[in-house]
Every structure is written in structure tokens, then in C-alpha cells.
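[1] the sequence and its predicted three-dimensional model are supplied below.
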Amino acid sequence: MKVTKLKKKSMNKTLNQGLFIVGVMILWELVARAQWFPVLLFPSLSSVFVNLLTELVNGEIGGRLLFSLYLIGAGLGLAVVTAAVTATSALISPIISDWVQALMAVLHPLPGIAVLPIIILWLGTGPQSIIAVIWFSSIWPLITNLHTGLRSVPATQMEAGRNLGLKGIALIRFILLPGAFPYILTGLRVAWARAWQASVAAEMVFGASGGEGGLGWFIYKKRFFMEIPSVFGGMIVIILVGLLVERLCFEWVEVRTIRRWGMTSE
Amino acid sequence: MVSNNEELVIENLDKTYYLGERRINALERINLQVKTGEFINIIGPSGCGKSTLLRCIAGFEKPTNGRVKLRSNEIKGPGIDRMMVFQDFEQLFPWYTVLGNIVFALKVTKMIATAKERKEIAKHYLKMVGLAGFEDLYPHQLSGGMKQRVAIARALSVQPRILLMDEPFGSLDAMTRSTLQEELIRIWKETKVTIIFVTHNIEEAIILGDQIIVFEANPGRVKEVIKNTLSRPRSPEANDFSQIWERIHKLLGFKNRERVLEERNLIRLFQEERELSLLPHL
């Protein structure tokens, strides 16, 4: 009884939210068609979708998306490796732990995009600079969460592991990493969001070399040519990819891991 | 005559902590012999070092002086010949099922070669602690008493020589506690494992132990060793039971409240320090 009621409630919520979004879309279409604003600046939603479809078919947006994903993959991948090495060293040596904490306190408040000018001077205006900015933006949430997560593992679980003869790498691999997993997942989520933001922002400054660029560059270029439906189209693709990754990747993993293990606070 | 069935010998063990300038003698001159298959209870007030002694036997902590010998080999660190069951409900690995926790123990200790055998043995021990049918649940789905049962099954599955129990029933309600005491005695008889059981509950000590070692605090020392020859099953209603109870009660004594609180604070500091010092062990 109770379960079905709960299910019904959450169904109602989803329905409610879906209807709201559809409502906003209809409102957008109507306002655009009423032509209260210049059509050039406020295109109708239907024209945005028609445009998007064309760009999907001719492969333009797909190519941009792939390029963005490649940049994010490289930046985020590097950040994960760096964070893992840093957090592990901090775990082994209290001195390094102090350093890491100092670094986090000082550099965490600095938005990734703020380092772009100096990165351009050091690395030039190519994909490598965007990857560097993505790396810088996503590394702090990763390190913070790993650092906290590894320390959140209960001492008794560590001792239960040591009692079974585990030490060093094996203790990290079998006890600390799974124990810290709720934090690791949170870190990855935040890092992914930051990486997206950083890549779009960085590309808007200079795109990438030789006219190659990702979605940020796409939006920027379309604005330059006043192809406003495409500007919105680019934003919609970013939203859709964000939603897809959240729902398909992160939530999929969460349901099968920390929620099944009862390691969520909700 | 020195008999050769001495499982564990503790010789002149001291454990000293420093909290800033302050020196604390958690344990002083501890000498104990435990025979194979015995059920030993250690009882004492908070801060008497009874848990510290258990942790020295487990190898989680090193004695300042003296040594602990298991079958004449000096203990250097943790090992599966001495398995600990903690009071803390968090000792199970939440990312494994009930069965998975035991299978994992068998796997990392390389006790059993094949996955199929590991599963069978895990099931055997779960049945022993009365948890057949709960194999696929995760720890967070279990009650406190069930978690402690799994912890006992996991500890026994690697066939330790000694089961170390640090107030394992201390956080359970009275009913569950007494059920688990009975079952522990059954399991002890079935497996013939040697058990060293720390408690601060007089009744629990009398129901369980062959020997009751009464500790005093500041410094942590053995005050008296009581042979408990009451016939099993033991009931608190029996006449002899209350005699032993009175004796232990007297030995433990009464202290004024401030003293107890001060000791409790010290223990907290020990534990915090222990948690901080855990990571460098890697």
C-alpha cells in the first residue's frame, strides 16, 4: 500500500515537472510568434529545433560535440590521475597532507577560467590550453572529495581489513577505495560539471586552433554570424548531454553501488 | 609444571601513552596465561586498559614493554590467527552482502582456493550464527544483533586460534544480548575456539567465562583472577551466581563521579589519537 502510494507520488512529481517544461516551451513558441521581440534575437523554439536537426544531419554539431567530449575526457582524465596520486601521497605522509590542504584552501576559490590568460601565454591557443583549464577546474573537487572520503572510512573497517592481513596497496584497494566511494562519486559529479563549464567558457575566448573547436566555439561562432537559432541549439545540446550523463552514467552507478550499499545520507 | 596447552602468554606487558606532557599508564605489569579452548572474560571500569590489552593481543598496538606470545611465538602485528570482533556495528564492509563479507575474508586470506568452496564455507558459518537465508542482504539492512552475528561468522570463517571480542554485545538491547550470549557459548563449544571477551557487564562476565580477570584503572592492572566453575547453562537466579557477582562488584569498587568522567575523557583522547595514528600504518 505504502509503496504504491510513494510510487504514485513520485510519478505525479515527474508528470508535474514534465508538464511544466512543456508549458515553458509552448510559452516560448507563442511569445516568439507574437513577435514582441526582434525575431533575429528571439527565434521561435520550432526554428531552433529545425536548425538543430539540420546541423545534426550534416554532422556539424556532432563533430563539435565529439571535440568537446574529447577535450573534457582528456582534461578530466588527467585530473583524476593527478587527484588520485595527490590524495594517496597525502594519505601516506602527514606532511604532504598538510601541503595538499594548504593548496586546496588557496587554489580552490580560484575559478578555472581565471587561469586561462596565463595558460594561453604558457601553452598557446590550442586544445592543450583548454585541456589545462579543464584540468585546473576539475581537480579541486576531485582532490577535496578523495581526501575527505579516504578519511571518512571508519577505523574499525580499516582494522577489520588489517586483521585479515591487508596492508599498503591492498588495504587501499579493498577497504579505503570502496569505503570512500560515496565521496569519489560526488567528486566525479562536481568535476564533470566543472569540466563542462570550463570547456565552454575557455572555447569562447579563442576557440581552438585552426577553426577546430567544441560546442563552446560552436556557440561563439554562431553568435558571430548572428545565427541565433544555432546558438540556442548549441545550448540545448549541452543541456541534453549534461542530463544524459547525469541520468545514464552517474545515477546508473549510484543505484548499483552506494544506494544498494546504504552508503547515501538520503 | 608448565603445561604445553598454553595458547597465549602475556609477559610483563606495559603500555604507556603520552598525552602532551602527561604520561598515562594504560597497562602495567600484565601477566596472563590463556589455555587452549578457554573462555576468558576481562572486566574492569572504563579506562582500565582492558580494550588496550585486547588490541595488543590483536597486534593493532605494540606493548611499551613486555610481550605477547601465541604458542610461544611473539606477536608482531595483526594476523588471522587472532580475529577481533568489535563493539562497533560498522565493522562489516557495507559494500559486500552478508555472504560477500565472509567470502571476501576467505578470499584475501587465501584460505580457500575456489569461489564455490568459499561460498559453501561462508554459508556454513552463517548457519552457525543463525543467519541462514540472510546471505544476500547488505549490512545496512540488518539489525545491530544480526550485524554482530555476521561479524562473529566472518571472524570464525578464517579459523582463528583465538577470538578476541571487544564488548561485542555492548550496544545491544538486553534481550538480544542474552540470546547472543547463549549462542556464543554454543558456538564456542562447537568450534572449540579460545575466546578472550572484554566486557564491563558483571553478569555477562559470569555467564560466559571460565576465568574472569578483574582489572583496576590508573594504572591498568590485574586486580584479581577469578575461576568461574559454575555449571552451564548459567542462570543469574542461581545462588552461587550472586556470590560471584557480589565479589566482582566489590572488587570493581565505587568511585566518585568526577573520577569516572575524567577517565572517560582520557579514553576519548586515546581513541582520537588511535584514529589519527592509523593512517601511517599503511
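    Perfect, thanks for sending it. Everything numeric in this text was worked out from a predicted model, so none of it was measured.
[2] and for the closest residue to chain B within chain A, the neighbour number?
    Residue nearest to chain B within chain A: A:Gly262 (2.7 Å; Cβ to the nearest Cβ). (Each C-beta comes from the backbone N, C-alpha and C, glycine too.) Per other Cβ atoms under 10 Å in any protein chain shown, the neighbour tally for A:Gly262 reads 13.
[3] do B:Arg232 as well
    B:Arg232 has 11 neighbouring residues, counting by other Cβ under 10 Å.
[4] re earlier: run a quick neighbour tally on the nearest residue to the residue of chain A closest to chain B once chain neighbours are set aside.
    Nearest residue to A:Gly262 in three dimensions, chain neighbours excluded: B:His140, at 2.7 Å (Cβ to Cβ, 6 or more residues apart in numbering or on different chains). Neighbour count of B:His140, defined by other Cβ under 10 Å: 14.
[5] ok, A:Leu185 - contacts?
    Counting by Cβ atoms under 8 Å, 6 or more residues apart in numbering or on different chains, A:Leu185 touches A:250, A:253-254, A:257-258.
[6] ends of stretch B:212-222, how far apart?
    One end of stretch B:212-222 sits 11 Å from the other (Cα to Cα, to the nearest Å).
[7] now what about it, what contacts it?
    Outside stretch B:212-222, the residues within contact range by Cβ under 8 Å, 6+ apart are B:15, B:25-32, B:40-50, B:52-53, B:205-206, B:223-226, B:228, B:244, B:248, B:251-253, B:263.
[8] kindly report the same for stretch A:129-141.
    The contact list for stretch A:129-141 (Cβ under 8 Å, 6+ apart) reads A:71-72, A:74-76, A:78-79, A:82-83, A:104, A:107-108, A:111-113, A:115-116, A:119-120, A:123, A:187, A:190-192, A:194-195, A:197-199, A:201-203, A:208, A:214.
[9] could you do stretch A:234-244 as well?
    A:48, A:52, A:61, A:64-65, A:69, A:193, A:196, A:200, A:215, A:218-219, A:222.
[10] what's the closest of those to B:Ile185?
    A:Ala193 (56.1 Å; Cβ to Cβ).
[11] next one: the host helix or strand of A:Lys222 to chain centre, how far?
    Following DSSP states H and E, one finds A:Lys222 within helix A:215-224. When distances are taken as Cα atoms, centre = their mean, to the nearest Å, helix A:215-224 is centred 20 Å away from the chain's centroid.
[12] do the same with stretch A:85-102
    Distance of stretch A:85-102 from the chain centroid (Cα atoms, centre = their mean) equals 25 Å.
[13] what does chain A put close to chain B?
    Proximity of chain A to chain B (Cβ under 8 Å from any Cβ of the partner chain) is limited to residues A:91-92, A:94, A:151, A:154-160, A:162-168, A:170-172, A:174-175, A:178-179, A:181, A:257, A:260-263.
[14] filter those down to the buried ones and hand me the ChimeraX line.
    To isolate the buried members of those in ChimeraX, using 16 or more other Cβ atoms under 10 Å in any protein chain shown:
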select /A:91,151,154,155,156,157,158,159,160,162,163,164,165,166,171,172,174,175,178,179,181,257,261,263
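[15] mind checking which of the residues of chain A next to chain B land in helices?
    If you go by DSSP state H, those have A:91-92, A:94, A:151, A:155-160, A:162-163, A:168, A:170-171, A:178-179, A:181 in helices.
[16] among the contacts of stretch B:212-222, which ones are buried?
    Neighbour-count burial (16+ other Cβ under 10 Å) is assigned, among the contacts of stretch B:212-222, to B:15, B:25-28, B:30, B:32, B:40-45, B:47-50, B:52-53, B:205-206, B:223, B:226, B:228, B:244, B:248, B:251-252, B:263.
[17] pLDDT score for the residue in chain B that chain A sits nearest to?
    At 2.7 Å from chain A, B:His140 is the closest residue in chain B, using Cβ to the nearest Cβ. B:His140 is assigned 95 on the pLDDT scale.
[18] do B:Glu6 as well
    pLDDT recorded at B:Glu6 is 87.
[19] with B:Val260 instead?
    With respect to pLDDT, B:Val260 scores 56.
[20] same check, this time on B:Arg232
    We note a pLDDT of 84 for B:Arg232 in this prediction.
[21] how about B:Thr36, phi and psi?
    Torsion angles at B:Thr36 (phi, psi; degrees, to the nearest 10) stand at phi -60, psi 130.
[22] what is the burial count for B:Gly145?
    19.
[23] scratch that, A:Arg64 is what I was asking about
    Residues near A:Arg64, counting by other Cβ under 10 Å: 23.
[24] and what of A:Leu240?
    For A:Leu240, the neighbour count with other Cβ under 10 Å is 12.
[25] so it versus A:Ala191, what's the distance?
    20 Å (Cβ to Cβ, to the nearest Å).
[26] do the same with A:Gln35
    Separation of A:Gln35 from A:Ala191 (Cβ to Cβ): 43 Å.
[27] and the stretch 51-200 of chain B, which residues reach chain A?
    Counting by Cβ under 8 Å from any Cβ, the residues of the stretch 51-200 of chain B lying close to chain A are B:58, B:60, B:78-80, B:82-84, B:86, B:88, B:90-95, B:104-105, B:108-109, B:138-141, B:158.
[28] which among those end up buried?
    Buried among those by 16+ other Cβ under 10 Å: B:58, B:60, B:78-80, B:82-84, B:86, B:88, B:90-95, B:104-105, B:108-109, B:138-139, B:158.
[29] give the contact list for B:Ile202.
    B:Ile202 neighbours (Cβ under 8 Å, 6+ apart): B:43, B:245, B:248-249, B:252.
[30] what's the answer for A:Val245, then?
    A:Trp192.
[31] quick one: end-to-end distance for stretch A:49-69.
    End-to-end distance (Cα to Cα), stretch A:49-69: 22 Å.
[32] mean confidence for that stretch?
    For stretch A:49-69, the per-residue pLDDT averages 92.
[33] could you pull out the strands in the stretch 1-150 of chain B for me?
    For the stretch 1-150 of chain B, the strands defined by DSSP state E, counting those that start in this stretch cover B:6-19, B:22-35, B:39-43, B:65-70, B:73-74, B:82-85.
[34] distance to A:Ser138 added to these, as a markdown table?
    Shown next, in a markdown table, are these (distance: least, Cβ to Cβ, whole Å):
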| stretch | distance to A:Ser138 |
| --- | --- |
| strand B:6-19 | 42 |
| strand B:22-35 | 46 |
| strand B:39-43 | 52 |
| strand B:65-70 | 49 |
| strand B:73-74 | 50 |
| strand B:82-85 | 40 |
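[35] for the contacts of A:Leu185, which single residue is the most surrounded?
    The most crowded member of those, judged by other Cβ under 10 Å, is A:Ile258 (21 neighbours).
[36] hmm, the residue of chain A closest to chain B is touching B:Leu137, no?
    No: A:Gly262 is beyond contact range of B:Leu137, at 10.3 Å (criterion: Cβ atoms under 8 Å).
[37] need the contact partners of stretch A:186-196.
    With contact meaning Cβ under 8 Å, 6+ apart, stretch A:186-196 is reached by A:72, A:75-76, A:79-80, A:83, A:112, A:134, A:137-139, A:141-146, A:149, A:238, A:241-242, A:245-246, A:250.
[38] if we go to 6 Å?
    Here stretch A:186-196 makes contact (Cβ atoms under 6 Å, 6 or more residues apart in numbering or on different chains) with A:72, A:75-76, A:134, A:137-138, A:141-142, A:145, A:250.
[39] so which of those residues are in helices?
    Taking DSSP H as the definition of helices, the contacts of stretch A:186-196 contribute A:72, A:75-76, A:134, A:137-138, A:141-142, A:145.
[40] what's the closest of those residues to B:Val193?
    Among the ones in helices among the contacts of stretch A:186-196, A:Asn145 lies closest to B:Val193 (Cβ to Cβ), at 41.4 Å.
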